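In: next input, structure requested:
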Amino acid sequence: MASAHDRAVLQAIFNPSSPFGDVPGVAPEGDSSDDDTGFDADSLRRVKALEVQGVSAAEAGDLHGALQHFSQAIQTLPRRAAAYNNRAQTLRLQGNTAGALQDLEQAVSLSGGAGRTACQALVQRGLLLRLSGRDDEARADFERAAALGSDFARQQAVALNPYAALCNRMHEVMSKLRNPRGPETQ
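Out: Residues are numbered from 1 along each chain as shown. Prediction:
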């Protein structure tokens, strides 16, 4: 059984915008009406059950099992973006960054770049791009996710903004000029 800390980490991975509050204008967790319209109700019910099993397997440390559940969900409803997003996180946990990026691209494409799933996929893809040093692409994803309501993405976009970095650096220089001995000698 996963500890509370493990569950919190998995929650942050599978839903990176959730620790930073609700996403305005986007359906809350459990109400994915903007992402799930147009699917057969029985198939959607089966897919959601597979996704719950996948998350449970990941929480238990069974990444191979989680991957199987998410892949089966994708086979059942290949046009549903959320399962690609979930599988991407499992692939990333397994160290398959390229596969994770492909699934996140598919999630963004299938979602039309709108809704909770797109927001989550953009944040997660932005994080992976940033880790690989592709800051311009990461900033673009964070800006898109911020426009969808993610406060976390907004913070990341600001952090990657070269003008903001320059302003911060100028502020540091000005502080040193005002107090060349540093704050400890005042």
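
In: where in this structure is pLDDT low?
Out: Across the chain, the ranges flagged by pLDDT under 70 are 1-34, 162-171, 182-186.

In: quick one, helices of it?
Out: With DSSP state H as the criterion, the chain has helices at 4-14, 33-36, 41-59, 63-76, 81-93, 97-111, 115-131, 135-147, 151-160, 162-178.

In: could those go into JSON lines alongside mean neighbour count?
Out: To be clear about C-beta, it is placed using only N, CA and C from the backbone, and glycine gets the same treatment. What follows is the helices of the chain, written out as JSON lines (neighbours: other CB atoms under 10 Å):
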{"stretch": "helix 4-14", "mean neighbour count": "14"}
{"stretch": "helix 33-36", "mean neighbour count": "17"}
{"stretch": "helix 41-59", "mean neighbour count": "17"}
{"stretch": "helix 63-76", "mean neighbour count": "19"}
{"stretch": "helix 81-93", "mean neighbour count": "25"}
{"stretch": "helix 97-111", "mean neighbour count": "20"}
{"stretch": "helix 115-131", "mean neighbour count": "25"}
{"stretch": "helix 135-147", "mean neighbour count": "20"}
{"stretch": "helix 151-160", "mean neighbour count": "19"}
{"stretch": "helix 162-178", "mean neighbour count": "10"}
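
In: need phi/psi at N179.
Out: Main-chain dihedrals, N179, degrees, to the nearest 10: phi -140, psi 80.
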